[in-house]
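J.: Sequence and predicted structure below; questions after.
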Amino acid sequence: MANLLDIRRRIKSVKNTQQITKAMKMVSAAKLKRAQDRVVAARPFATKMTEVLTELASHTSEDFHHPMLDARGDERYLLVLITADKGLAGAFNANLIKAAQSFIRDNAGKRVELYAVGRKGRDFFRRRDVTIAEENIGLTGKGRVDYAEALELARDITRRFTEDEGVDKVFLLYNEFRSVMSQRVVVEQILPVSRVEEKSADEVAADAGGKASFVEYIYEQPPAEIFSQLLPRLIETQVYRALLESVASEQGARMTAMDSASKNAGELIQTLTLNMNRIRQASITREIIEIVSGAKAAA
Amino acid sequence: MAERLQLDVITPERQLLSEAVDFVAVPGAGGELGILPGHTPLISQLRTGVLSYTQGTASRRMLVSGGFVEVNADRVSVLADLAEFPEEIDAVRARQERDQAEKTLNAFTGSPDEFAAASTQLERSTIRLLLTTDGSR
């Protein structure tokens, strides 16, 4: 049977761990609140942006060309993997890495290069047979992302796509924030901007045209010009949103993970305390028996 | 037809304004655009400048930079890269930024991108200063 002192030591160490997990949970809860607010604050812009873009798309002709719009070959993919910088967030990073691996497997015939945002993803794939085109560490670590930072990242990605003819498609892989408890891994193709979106836009415009409310806009600049101005911005908002979602998810995942860790520690402490008391009582009982039998023998 | 315009000023990071106003003037890429209720649908790009709007007798101004404006059915949506109220602007910092940008531009050696960035910086800080020095009007 374990020694009393050992169990006491164990309890103390588990208590320490519990204190840490509790503190981490609290920190994450505070950060989560802020991250959630930012996700909500970024929504109106994205919505309006899509509205205007679809509107514009219906006014630009089919033969309108833009480097960010034109599909090319289907050979080299750039996968932008947004993970966290830190662990201790449950399956947050593991799910992303798993999804990235299956993405690479599914596209075995293509050349997939990785753009690693976040330390965890980079560290995992650095030790494996995957080309890491670029890495960006420390962006999501602060628990908040500024638009300016997202802008830089988006421009870098866009530059790789437009200037380097080798990259044919760019995908974003990140955790989407569903609720505090759950995240969903999403893969999105961001470049080239799909024409499918425009098709549906045409339908939307056609629907609107069917009703009497069809609006004919005055364009201060030619639609094509505004459109090409807007396309990079679309990528920027998409990247920004992905980063915000990822940060919120990370904090949510960490909060949940730390919450269950604290609970587990509590249970462990209970069992250990029970054990300890049992041993203590047993030893007391033994001592009493010894004294009693000793007294009997003496009598 | 509505008597007033619904003005929304939105940046990627936040929604700054969502109010009913009587008149809006936005700095369009092709020149200042004054918008009254009943304006015909319009889409225009924006440049760095002052957006001003009137509610009754009160009038307010703010900095907007980049992005575009959409006018439709008495709704004015300004989607700017950057927007700030005068009271958010730090005049001392704006002056420093302007001087810095001027210095960079005076002895410029660098890529076209850096030039564009410095020019934007100069424009923005100039407008910021303009708004802080006579923002009371």
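T.: Arrived safely, thanks for sending.
J.: Can you report phi and psi for residue 111?
T.: All of this refers to chain A. Per-residue torsions, residue A:111: phi -100, psi 110 (degrees, to the nearest 10).
J.: Oops, wrong one, chain B.
T.: When read as degrees, to the nearest 10, the backbone of residue B:111 gives phi -80, psi 160.
J.: Could you report the neighbour count for it?
T.: Residues near residue B:111, counting by other Cβ atoms under 10 Å in any protein chain shown, number 8. Bear in mind the C-beta positions are built from the backbone N, C-alpha and C, glycine included.
J.: quick one, domains of chain B?
T.: Here the domain parsing of chain B from automatic domain parsing is B:5-86, B:90-131.
J.: Run the chain-centre distance for the shortest one.
T.: If I follow you right, that is domain B:90-131. From the chain centre to the centre of domain B:90-131 is a distance of 16 Å (Cα atoms, centre = their mean, to the nearest Å).
J.: coming back round to it: mind checking which of the domains of chain B is nearest chain A?
T.: Of all the domains of chain B, it is domain B:5-86 that lies closest to chain A, at 3.4 Å by Cβ to the nearest Cβ.
J.: rewinding a little: rebuild the domains of chain B as CSV, extending it with mean pLDDT.
T.: Formatted as CSV, the domains of chain B follow (pLDDT from 0 to 100):
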stretch, mean pLDDT
domain B:5-86, 88
domain B:90-131, 80
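J.: Relative to residue A:172, which of those is closest?
T.: Among those, the nearest to residue A:172 by Cβ to Cβ is domain B:5-86 (16.4 Å).
J.: Name the residues of stretch B:109-125 that come out as buried.
T.: Buried positions in stretch B:109-125, judged by neighbour count with 16 or more other Cβ atoms under 10 Å in any protein chain shown: B:118, B:120-125.
J.: who touches residue 50 in this structure?
T.: I'll assume chain A. Residue A:50 makes contacts with residue A:234, as judged by Cβ atoms under 8 Å, 6 or more residues apart in numbering or on different chains.
J.: Can you look at chain B instead?
T.: By Cβ under 8 Å, 6+ apart, residue B:50 lies in contact with B:27, B:61-64, B:127, B:130-131.
J.: try it again with 6 Å
T.: Counting by Cβ atoms under 6 Å, 6 or more residues apart in numbering or on different chains, residue B:50 touches residue B:61.
J.: just residue B:114 next, same as before
T.: Contact analysis of residue B:114 by Cβ under 6 Å, 6+ apart lists nothing.
J.: wait, residue A:237 sits on residue A:48?
T.: No: the criterion here is Cβ atoms under 6 Å, and residue A:237 misses it with residue A:48 at 10.1 Å.
J.: How about the secondary structure of residue B:109?
T.: What DSSP: H, G, I helix; E, B strand; the rest coil gives for residue B:109 is coil.
J.: measure it to residue B:102 for me?
T.: In this view, residue B:109 and residue B:102 are 15 Å apart by Cβ to Cβ, to the nearest Å.
J.: for residue A:101, same thing?
T.: 52 Å.
J.: Please apply the same query to residue A:146.
T.: Separation of residue A:146 from residue B:102 (Cβ to Cβ): 25 Å.
J.: ranges for the strands of the chain?
T.: I went with chain A, as the question did not name one. A:76-82, A:111-117, A:131-136, A:169-177, A:183-191, A:218-219 (DSSP state E).
J.: sorry, should have said chain B
T.: With DSSP E, the ranges of strands along chain B come out as B:5-10, B:15-21, B:23-28, B:31-35, B:42-45, B:49-55, B:58-65, B:68-72, B:75-79, B:82-84.
J.: Kindly state the beta-bridge partners for residue B:25.
T.: Beta bridges link residue B:25 to residue B:34, residue B:52, judged by DSSP bridges.
J.: Check whether it really touches residue B:54, as I assumed.
T.: No: using Cβ under 6 Å, residue B:25 is not in contact with residue B:54; the gap is 8.7 Å.
J.: and residue A:53, what does it touch?
T.: Residues in contact with residue A:53 (Cβ under 6 Å, 6+ apart) are residue A:230.
J.: Output the set of residues of chain B in proximity to chain A.
T.: Counting by Cβ under 6 Å from any Cβ of the partner chain, the residues of chain B close to chain A are B:10, B:12-15, B:28, B:30, B:40-45, B:70, B:72, B:77, B:79.
J.: Please pick the buried ones from those residues.
T.: Among these, the ones that count as buried by 16+ other Cβ under 10 Å are B:10, B:12-15, B:28, B:42-45, B:70, B:72, B:77, B:79.
J.: and the longest helix for chain A?
T.: If you go by DSSP state H, chain A has its longest helix at helix A:223-298.
J.: That helix: how far from the chain's middle?
T.: From the chain centre to the centre of helix A:223-298 is a distance of 20 Å (Cα atoms, centre = their mean).
J.: just stretch A:151-169 next, same as before
T.: The answer for stretch A:151-169 is 21 Å, by Cα atoms, centre = their mean.
J.: Of all the residues in it, which ones are buried?
T.: Residues A:151, A:153-154, A:157-158, A:160-162, A:167-169 are the ones in stretch A:151-169 that count as buried (16+ other Cβ under 10 Å).
J.: How about stretch A:246-260?
T.: Across stretch A:246-260, burial judged by 16+ other Cβ under 10 Å covers A:246-259.
J.: for those residues, which one is nearest chain B?
T.: Distances from chain B to the buried residues of stretch A:246-260, taken by Cβ to the nearest Cβ, are shortest for residue A:247, at 13.5 Å.
J.: From the rest of the structure, what touches stretch B:68-79?
T.: With Cβ under 6 Å, 6+ apart as the contact definition, stretch B:68-79 has outside contacts at A:48, A:52, A:215, B:2, B:5-10, B:24, B:26, B:35, B:37, B:39, B:41-46, B:67.
J.: Against residue B:101, how distant is the residue of chain B most remote from its centre?
T.: Most distant residue from the mean C-alpha position of chain B: residue B:109, 28.9 Å away (Cα atoms, centre = their mean). Going from residue B:109 to residue B:101 by Cβ to Cβ gives 15 Å.
J.: Right, I'll call it a day here.
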